[in-house]
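predicted structure and sequence below. I'll ask about it afterward.
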Amino acid sequence: MEIGRNSWGFTAFAIALYAFLLAPVLLVIPISFSNDPFLAFPPQSWGIKYYLALPNRPVLVAAFETSIVIAATVTALSLAIGVPAAYALARLEFRGRDWLASLFVAPEVSAMDRATLLAGRPAAPLADAGPMVCACLKVGARKIETAVAAGTDTIDAIGAVTGAGTNCGSCRPEIARLIAANRKEKAQDEPRPHAA
């Protein structure tokens with residue numbers, strides 16, 4: 001039985017979840033075009049009576065304006081902080097990067113992790129694991145490269161040794177690329193026979 005993001009069960013679950021989340025929105029839109037004095041679905045009479053009356057209600061207009069200001073401010077601040085942070089995590093090498101990236105994929109952040117996050121550094125020095133390959137199990141490229149260099153040369157064998165590629169499977173192409181790069185490096189390092 002296939003398990004993970006590519007399975008039929010996961011796809012059916014995702015469709016059902018989206019339908020459940022979007023159903024209220026899809027019902028509210030047609031109900032908003034009702035001229036009825038009470039909420040009912042389907043509406044007994046259709047129209048835009050309540051949309052036309054909206055500008056005449058200062059409380060609703062003020063609430064709408066406040067919502068727009070808050071949404072614009074939060075969006076601008078989130079982008080101003082999030083885009084540079086995401087760029088730095090994805091593209092730059094810096095001390096503690098792997099530790100910080102691991103916090104983003106952690107299912108729950110412990111009190112110690114929260115304290116070290118606020119301090120801006122891990123509690124103890126961490127070995128550099130290289131770029132994160134398997135986010136599910138927090139396996140970096142260096143751990144995979146070490147396993148490949150030790151003779152582990154298939155994706156399933158890498159999974160058995162490091163755990164990488166055994167959960168959702170989205171990192172398996174990257175593991176295959178690391179294995180191929182190691183094979184190519186070994187082939188270049190092997191001495192070539194001299195022609196007689």
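In hand now; what should we look at? Residues are numbered from 1 along each chain as shown.

so where do the strands sit in the chain?
Applying DSSP state E to the chain gives strands spanning 132-134, 139-140.

now the ones you listed as JSON lines including mean pLDDT?
What follows is the strands of the chain, written out as JSON lines (pLDDT from 0 to 100):
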{"stretch": "strand 132-134", "mean pLDDT": "87"}
{"stretch": "strand 139-140", "mean pLDDT": "88"}
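
do you know which of those strands lies nearest Arg172?
strand 132-134 (9.2 Å; Cβ to Cβ). (Each C-beta comes from the backbone N, C-alpha and C, glycine too.)

domain ranges for this protein?
Here the domain parsing of the chain from automatic domain parsing is 30-92, 93-128, 132-187.

buried deepest among those, which one?
Most buried of these by mean neighbour count (mean count of other Cβ atoms under 10 Å) is domain 132-187; its value is a mean of 17.

tell me how far it is from the chain's mean position?
Mean C-alpha position of domain 132-187 versus that of the full chain (Cα atoms, centre = their mean, to the nearest Å) differs by 21 Å.

again, but for stretch 130-137
13 Å.

ok, residues contacting that stretch?
Contacting residues not belonging to stretch 130-137 are listed as 98, 101-102, 105, 138-145, 162-168, 171, 174-175, 178 [Cβ atoms under 8 Å, 6 or more residues apart in numbering].

now, which of the residues you listed lie within helices?
98, 101-102, 105, 141-145, 162, 174-175, 178 (DSSP state H).
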